[in-house]
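K.L.:
sequence first, then the predicted structure:
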Amino acid sequence: MPLSSCPLDTISVLRVSGPQGADLLQAQLSQDFQHWKPEEARLAALLNPQGRMLADFVAVQIGPEQIALLLDASIAAAALQRLRMFVLRLKCTLDDVSAQWARYGLLAASADDYPAELAPPAQPWSVRPIAGGALLVRLPQADTSVRCMLLAEVGQPALAGLGERLAGLPPLPASDWALQGIRAGLPHLVAATQQMFVPQMLNFEHIGGVSFKKGCYPGQEVVARSQYRGTLKRRTYLVSGAAAMLPAQEVVHTADPGQPCGVVVNAAVDADGIWWALAELKIALAEQPGLYLGSIGGPALQVHALPYALTAPD
């Protein structure tokens, strides 16, 4: 698989600027933003007081006292408004800078397929600066291929040459990019699924999106109770089916046909026309045959292994 690329227009960029920007995120998000190294990207969630997710972010340091929060464009305005409520006297500002930052997705069979000037970081969730101030963020994968997000500020001289280089690469269909994230077990929120899930329902503690050692933040008590009292009854699983799936679409099971046992979180179609999705399901029913999309008469769904275990961490 040669290196291919696609624009990531469905991802927005919120910028937190100022000496206390990290303090704001520390107090409001599920991730720890203290002692944060510039070469690390961090996954985090914004919750309501009931522990339900309002947004999920990939956070990247884009400059001195500047943090980019990458999230689905359909929830960017609501997340920005929510975070601004808590700035108060903190020395920081928040803005949507999506128009000022180009975003690309890069995918290749191995790191060797990347040119030297775009050499990816060695590990997932690592960040490497490249010429002209652009950044490469390596993302987790379910296989041995290498997937990165490239962030480049519009107007920088280096972006023109970089843009030409990317334009010469084979195009990566947006559905293929989405499919890679689904197979890697990385769910994300869209407008239709806001406030549906506690982070553990989306496996966020298994993919690095929750810190259990940091201080309080909105919804923290619910997250901690789900973790330590064994009250979690739902998880996110990888499923496939022959029919199109959409976020928030219900999933039912023959063992309890009168009510949904879960919902689709994200979905994409592969080159063979098979649809793949991350679906939040009742744990007790997830691995029993009998899952269907929408209703018992709907398309059948099959459950597949995720690239990480869902057992409780030590």
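P.N.:
Received the coordinates, thanks.
K.L.:
so where's the longest strand in the chain?
P.N.:
strand 53-63 (DSSP state E).
K.L.:
give me the residues contacting the next helix or strand after that strand.
P.N.:
Next along the chain after strand 53-63, taking DSSP states H and E as the criterion, comes strand 66-72. By Cβ atoms under 8 Å, 6 or more residues apart in numbering, the list of residues contacting strand 66-72 from outside reads 10-17, 21-22, 25, 55-62, 79, 97, 101, 103, 149, 151, 188-191. No exception for glycine: its C-beta is placed from N, CA and C like everyone else's.
K.L.:
which residue ranges of the chain form helices?
P.N.:
21-28, 76-84, 157-167, 174-183, 220-228, 283-286 (DSSP state H).
K.L.:
what is the worst-scoring helix or strand of the chain on mean pLDDT packed up against?
P.N.:
Ranked by mean pLDDT, DSSP states H and E, the weakest helix or strand in the chain is helix 157-167, scoring a mean of 76. In terms of contacts (3 or more Cβ pairs under 8 Å, 6 or more residues apart in numbering; DSSP states H and E), helix 157-167 is packed against strand 101-108, strand 146-153.
K.L.:
quick revisit: filter the contacts of strand 66-72 down to the buried ones.
P.N.:
Among these, the ones that count as buried by 16 or more other Cβ atoms under 10 Å are 11-17, 21-22, 25, 55-62, 79, 97, 101, 103, 149, 151, 188-190.
K.L.:
just for the chain, where's the confidence low?
P.N.:
158, 230-231, 312-314 (pLDDT under 70).
K.L.:
strand partners (parallel or antiparallel) of the longest strand of the chain?
P.N.:
Paired with strand 53-63 in the same sheet, following DSSP bridges, are strand 42-47 (antiparallel), strand 66-72 (antiparallel).
K.L.:
single out the most deeply packed of those.
P.N.:
strand 42-47 (a mean of 24; mean count of other Cβ atoms under 10 Å).
K.L.:
what's the angle from it to helix 21-28?
P.N.:
50 degrees (axes from the mean of the first three to the mean of the last three Cα atoms, to 10 degrees).
K.L.:
need the residues that contact strand 42-47.
P.N.:
Applying Cβ under 8 Å, 6+ apart, the set of residues contacting strand 42-47 is 25, 28-33, 36, 53-59, 79, 82-83, 125, 199, 204, 207-210, 217-220, 222-223.
K.L.:
stretch 77-88 now?
P.N.:
14, 16, 24, 27-28, 46, 54-55, 57, 69, 71, 93-96, 191, 194.
K.L.:
spit out the contact partners of the closest residue to residue 123 other than its chain neighbours.
P.N.:
Distances taken as Cβ to Cβ, 6 or more residues apart in numbering put residue 138 closest to residue 123, at 6.7 Å, once the chain neighbours are dropped. Residues in contact with residue 138 (Cβ under 8 Å, 6+ apart) are 120-128, 146-148.
K.L.:
who does residue 138 bridge with?
P.N.:
Going by DSSP bridges, residue 138 forms beta bridges with residue 148.
K.L.:
can I see the domain layout of this structure?
P.N.:
4-183, 233-314 (automatic domain parsing).
K.L.:
can I get the ones you listed in CSV with distance to residue 227?
P.N.:
Listed next are these as CSV, based on distance: least, Cβ to Cβ, whole Å:
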stretch, distance to residue 227
domain 4-183, 11
domain 233-314, 8
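K.L.:
which residue, other than its chain neighbours, is closest to the residue most central in space within the chain?
P.N.:
The centroid of the chain falls nearest to residue 188 when counting by Cα atoms, centre = their mean (4.4 Å). Among residues not flanking residue 188 along the chain, residue 56 sits closest, at 5.3 Å (Cβ to Cβ, 6+ apart).
K.L.:
quick one, what contacts the one you found?
P.N.:
Applying Cβ under 8 Å, 6+ apart, the residues near residue 56 are 43-46, 71, 187-189, 202, 204, 209.
K.L.:
so which of these is the closest to residue 181?
P.N.:
residue 188 (7.4 Å; Cβ to Cβ).
K.L.:
ok, the closest one touching residue 267?
P.N.:
No - Residue 188 sits out of contact with residue 267 when judged by Cβ atoms under 8 Å, with a separation of 11.8 Å.
K.L.:
how far away is residue 48 from residue 208?
P.N.:
As for residue 48, its distance to residue 208 is 22 Å (criterion: Cβ to Cβ, to the nearest Å).
K.L.:
I meant to write residue 302 there.
P.N.:
Taking Cβ to Cβ, one finds residue 302 at 27 Å from residue 208.
K.L.:
which of these two has more neighbours?
P.N.:
Neighbours were counted for residue 302 and for residue 208 using other Cβ atoms under 10 Å; residue 208 has more, 16 against 12.
K.L.:
name the nearest residue to the more buried one, sequence neighbours excluded.
P.N.:
That would be residue 43: by Cβ to Cβ, 6+ apart, it lies 5.2 Å from residue 208.
K.L.:
quick check: bridge partners of that neighbour?
P.N.:
Under the criterion used (DSSP bridges), residue 43 bridges to residue 58.
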